[in-house]
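A.B. asks: structure for this input, please:
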Amino acid sequence: MKRSIPFKLLAINVPVIALAIIVLWLVLDTLTAAYFSTLMKEYGINPVDAHGMFIHSVHRYLVWTSAGALGLSALLSYILTRAALRPLYEVIRTIGLIAGGDYSSRVKAGSNDEIGDLAKAFNHMAESLQRVEQLRRNMVSDVAHELRTPLSNVRGYLEALQDGVVAPTPQTFDLLHEETLRLISLVESLLQLARADAARLRLDLEQTESAELVSQAFKRFEPEFRRKHINAKVDLDTGGGKILADREKLGRVLENLLQNGLRYTPENGAVVVGTQTEGKTLKFFVQNSGPGIEDKDLPFIFERFYRAEKSRSRDFGGTGIGLAIVKEIVEAHGGEVGVKSSQDTTLFWFTLPLGDNPETF
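C.D. replies: Below you'll find the model as predicted:
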């Protein structure tokens, strides 16, 4: 049989009340009755009959008073306990709604106590679940769109080639090759994200020169920057030293940030990549000129498949995966990621602990 919390709490209070009544009963039977007998003797009254009448009257009134007090305390305890536990019942009800798929349900928590704190924490968790669910739906929609467009183009060209509507010219094969590369790029991004998840379980840590890591990543994009007439440069902190890191995975982080800067920096813009020592941590940053990110998008910019401007990002070839990979790898190293953006400048950064002690991570 199911027992509710109010009855359990009431069961705890009842023995305490009963014990108080028993103690009072014994006190009346011993101390008060003895004092009454002594008083009767002083006035020359036979205490036997009076003592019996006194004890009987006291017991009768004590029984009725105890019964009333016990009933009233039980009623008040039940009402007050249910009122105190109302947010808990709200949590249980809301859990059922969320389990049924209604992620917009929230707990009405008015009390300013531990149960109220529980309700607030639950609402915060529900908001996170709702945001994750929305991102998941967006991810399915975005991936479907990203796959559908090149696949439809490839299918159309192949059918046209089969029907003889389009001639098998080098230009046609170039278009097919371009669409195939888009598919490969998306699949590769998904694979990198899966590997970034696995990075939390396994990192090949080794002593790594931060300056060398940044320089190598920059050299890979230097021709692309020149081709787009972007003023790109490296700004390394002379105090920056060695870090314990997975060279390959951390190199991918810098490449993703540089790729992001290359993609969204307009011609004749500027990109700066570098490091800065802050206490016992080393801060890596990539700053680029161009349209900034709106404040409403900044808290979600590192979420998987989140794109601040879907149409604009798609035109630039973004899938919303690169920055999610950055976050996964950096946090696997025990670091933090962040972004700052103004109207014409965006700064991505991440920090890693300095030193050569593996326990740092």
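A.B. asks: lowest-confidence helix or strand of this structure?
C.D. replies: helix 310-316 (a mean of 45; mean pLDDT, DSSP states H and E).
A.B. asks: quick one: pLDDT of Arg200?
C.D. replies: Predicted confidence (pLDDT) for Arg200: 55.
A.B. asks: what does Ser185 give?
C.D. replies: 72.
A.B. asks: and Leu176, by the same measure?
C.D. replies: pLDDT at Leu176 comes out at 82.
A.B. asks: ok, it touching Arg155?
C.D. replies: No - applying Cβ atoms under 8 Å as the test, Leu176 and Arg155 come out as separate, 10.4 Å apart. C-beta: built from backbone N, CA, C; applies to glycine.
A.B. asks: what about the two, which has more around it?
C.D. replies: Remark: of Leu176 and Arg155, Leu176 carries more neighbours, 16 against 11, as counted by other Cβ atoms under 10 Å.
A.B. asks: host element of the more buried one?
C.D. replies: Here Leu176, judged by DSSP states H and E, is contained in helix 170-199.
A.B. asks: run through the stretch 201-350 of the chain and note the low-pLDDT ranges.
C.D. replies: Where the stretch 201-350 of the chain drops to pLDDT under 70, the residues are 201, 239-240, 304-320.
A.B. asks: just the helices in it please.
C.D. replies: Under the criterion DSSP state H, counting those that start in this stretch, the stretch 201-350 of the chain contains helices at 210-227, 247-264, 310-316, 322-332.
A.B. asks: need these in TSV with mean neighbour count and distance to Arg137, can you?
C.D. replies: Below are those laid out as TSV (neighbours: other Cβ atoms under 10 Å; distance: least, Cβ to Cβ, whole Å):
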stretch	mean neighbour count	distance to Arg137
helix 210-227	16	34
helix 247-264	21	24
helix 310-316	13	13
helix 322-332	22	16
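A.B. asks: these: which one's closest to Thr81?
C.D. replies: Thr81 lies closest to helix 322-332 among those, at 43.1 Å (Cβ to Cβ).
A.B. asks: tilt between the closest one and helix 247-264?
C.D. replies: In terms of direction (axes from the mean of the first three to the mean of the last three Cα atoms, to 10 degrees), helix 322-332 departs from helix 247-264 by 150 degrees.
A.B. asks: using PDB, write down the CA coordinates of helix 322-332.
C.D. replies: In PDB, the C-alpha atoms belonging to helix 322-332 read as follows (Å, rounded to 0.1, in the frame of the first residue of the first chain):
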ATOM      1  CA  GLY A 322      32.900  23.200 -36.000                       C
ATOM      2  CA  LEU A 323      32.400  25.300 -32.900                       C
ATOM      3  CA  ALA A 324      30.800  22.300 -31.100                       C
ATOM      4  CA  ILE A 325      33.900  20.300 -31.800                       C
ATOM      5  CA  VAL A 326      36.000  23.200 -30.400                       C
ATOM      6  CA  LYS A 327      34.100  23.100 -27.200                       C
ATOM      7  CA  GLU A 328      34.200  19.300 -26.700                       C
ATOM      8  CA  ILE A 329      38.000  19.200 -27.300                       C
ATOM      9  CA  VAL A 330      38.900  22.200 -25.100                       C
ATOM     10  CA  GLU A 331      36.700  21.000 -22.200                       C
ATOM     11  CA  ALA A 332      38.300  17.500 -22.500                       C
END
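A.B. asks: and that helix, what does it pack onto?
C.D. replies: The helices and strands touching helix 322-332, judged by 3 or more Cβ pairs under 8 Å, 6 or more residues apart in numbering; DSSP states H and E, are helix 170-199, helix 247-264, strand 336-341, strand 345-353.
A.B. asks: and of those, who's closest to Glu127?
C.D. replies: That would be strand 336-341 among the helices and strands packed on helix 322-332, by Cβ to Cβ, at 21.0 Å.
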